[in-house]
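**Q** Sequence plus predicted model, see below.
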Amino acid sequence: MRLLLPILLLAAGLPAAAQQPGAGQRLAITIDDLPVNGPDTGLAGLRRINDGILSALRDAKVPAVGFVNEEKLYHEGEVDGRIALLEAWLAAGLELGNHTWSHPDFNRVGLAAYEEEIVRGESVTRLLLAKRQKPLRLFRHTFLRTGKTLEDKAGLEAYLTGRGYLAVPVTIENDDWWLNSKYLKAREAGDTALMTRIADEYIVHWSRMFDWYEALAARVFGRNIDHVILMHQNVLNAERLPEVLALMAKRGYAFATVDAVLKDPAYGHEDRYAGPWGKSWLQRWALARGIDTLGKEPDPPDWFVKLYPAN
Ligand SMILES: [Zn+2]
């Protein structure tokens, strides 16, 4: 009986675990637009966002990467304070990467200007990493746009490789910048009921997006994969990230570094997409293999889309 009981408990636990779509899979969390995504309301606000996100990552033991737009560091009287926000990421054992100087659209500015943006966007981050004997090695495309032609795309790839960068792909994102922008509108209007409704919808939208991207992974690879998640450094995540991370854990996923996740053989597949959109790499692999991409990823519900139409 002593032996039997644990075995029975284990067996009872198995079917539930098998139903979790993320069981046995890992997630790398990447957070873009440091020090802030959305309106810049000054250092005090930026510090609240940074603290909220870092404490959520620490509590859930998530090894995240933050991608920086260094232009946003240069604010009169606040430069040291803003650099300290980045320093706090490294002190927490997290990594920083380059997300260009001012977040231009590669498809609009072209290769030469985009290369300048990459160089200009790396000086402070490189210095902070060097103080800890670490290289600046990770890059994230702005708007996930990798080139509107195959020629642009190959040119940028060669440039990034030559400069020692690994461009980090994204498989799952969640329109969090969009939900954040309407959330801040509701906050401006002092509508706390609407703020709660939007923030709750944000959590629901994660489940919706996971369902959709997991279905796409199954279609492309016949299985779920280890994912790279894109989020942004904004108010909504500063307030709700603990719930988002709990939702991911509840789906069965474990958190891991970008390097660990990129070892999934899925990431060895070719991305031949060139065009206007910043697509998920799952959609790119589907296109390259002639597999239907299941259309566009789902939007939040209509009531949300129609809210504050300009945002
Ligand atoms: Zn961005």
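**A** That came through, no problem. Residues are numbered from 1 along each chain as shown.
**Q** what sits against Arg223?
**A** By CB atoms under 8 Å, 6 or more residues apart in numbering, the residues touching Arg223 are Ala217. (Glycine included, C-beta is placed from N, CA and C.)
**Q** try 10 Å this time
**A** Gly24, Gln25, Glu214, Ala217, Asp264, Ala266 (CB atoms under 10 Å, 6 or more residues apart in numbering).
**Q** Narrow these to those in helices?
**A** Counting by DSSP state H, the part of the contacts of Arg223 found in helices is Glu214, Ala217.
**Q** which residue ranges form the strands in the stretch 201-311 of the chain?
**A** Ranges of strands in the stretch 201-311 of the chain, per DSSP state E, counting those that start in this stretch, are 227-232, 254-255.
**Q** Which strands and helices lie in contact with the shortest one?
**A** Of the remaining helices and strands, those touching strand 254-255 by 3 or more CB pairs under 10 Å, 6 or more residues apart in numbering; DSSP states H and E are strand 26-34, helix 235-250.
**Q** Any figure for the gap between Gly268 and Pro169?
**A** According to CB to CB, to the nearest Å, Gly268 and Pro169 sit 11 Å apart.
**Q** correction: Lys296
**A** Between Lys296 and Pro169 the distance, using CB to CB, works out to 19 Å.
**Q** what do you get for Asn98?
**A** From Asn98 over to Pro169 (counting by CB to CB), the distance is 15 Å.
**Q** Comparing these two, which residue is more hemmed in?
**A** In this comparison of Asn98 against Pro169, neighbours counted by other CB atoms under 10 Å, the higher total goes to Asn98 at 27 against 24.
**Q** Can you give me the pLDDT of whatever residue of the stretch 101-250 of the chain ends up closest to the ion?
**A** Nearest to the ion, among the residues of the stretch 101-250 of the chain, is Thr142, at 5.2 Å (CB to the ion). Note for Thr142: predicted pLDDT of 98.
**Q** cool, Pro15 as well?
**A** The pLDDT attached to Pro15 in the predicted structure is 51.
**Q** go on, Asp292?
**A** The pLDDT attached to Asp292 in the predicted structure is 84.
**Q** again with Thr30
**A** According to the model's per-residue confidence, Thr30 sits at a pLDDT of 98.
**Q** now swap in Ala23 and tell me
**A** Here the pLDDT value assigned to Ala23 is 94.
**Q** Can you tell me the closest non-neighbouring residue to the closest residue to the ion within the chain?
**A** When distances are taken as CB to the ion, the chain reaches nearest to the ion at Asp32, 4.0 Å away. Using CB to CB, 6 or more residues apart in numbering and skipping the chain neighbours, the partner closest in space to Asp32 is Phe67 (4.6 Å).
**Q** Pull the distance from the helix or strand harbouring the one you found to the chain's centre.
**A** If you go by DSSP states H and E, Phe67 is part of strand 65-68. Taking CA atoms, centre = their mean, to the nearest Å, the mean C-alpha location of strand 65-68 is offset from the chain mean by 9 Å.
**Q** Also stretch 155-170?
**A** In terms of CA atoms, centre = their mean, the centre of stretch 155-170 is found 18 Å from the chain centre.
**Q** what does stretch 136-153 give?
**A** That offset, for stretch 136-153, works out to 15 Å (CA atoms, centre = their mean).
**Q** Please apply the same query to stretch 166-182.
**A** Using CA atoms, centre = their mean, the offset of stretch 166-182 from its chain centre is 5 Å.
**Q** how long is it from one end to the other?
**A** 33 Å (CA to CA, to the nearest Å).
**Q** quick one: the closest residue to Val228 other than its chain neighbours from Tyr267, how far?
**A** Once flanking residues are discounted, Val228 sits nearest to Ala28: 4.9 Å by CB to CB, 6+ apart. Separation of Ala28 from Tyr267 (CB to CB): 11 Å.
**Q** who's more crowded, those two?
**A** Between Ala28 and Tyr267, counting by other CB under 10 Å, Ala28 is the more crowded of the two (23 against 16).
**Q** can you give me the helices in this structure?
**A** Taking DSSP H as the criterion, the chain contains helices spanning 4-19, 43-59, 79-91, 106-109, 111-120, 123-131, 150-162, 176-188, 192-221, 235-250, 258-261, 281-288, 302-306.
**Q** Comparing the ones you listed, which comes out most buried?
**A** Here the criterion is mean neighbour count by mean count of other CB atoms under 10 Å, and of the helices of the chain the winner is helix 281-288, at a mean of 22.
**Q** Give me the contact list for it.
**A** By CB under 10 Å, 6+ apart, the list of residues contacting helix 281-288 reads 144, 146, 168-172, 212-217, 219-221, 225, 227-228, 266-275, 277, 279-280, 291-297.
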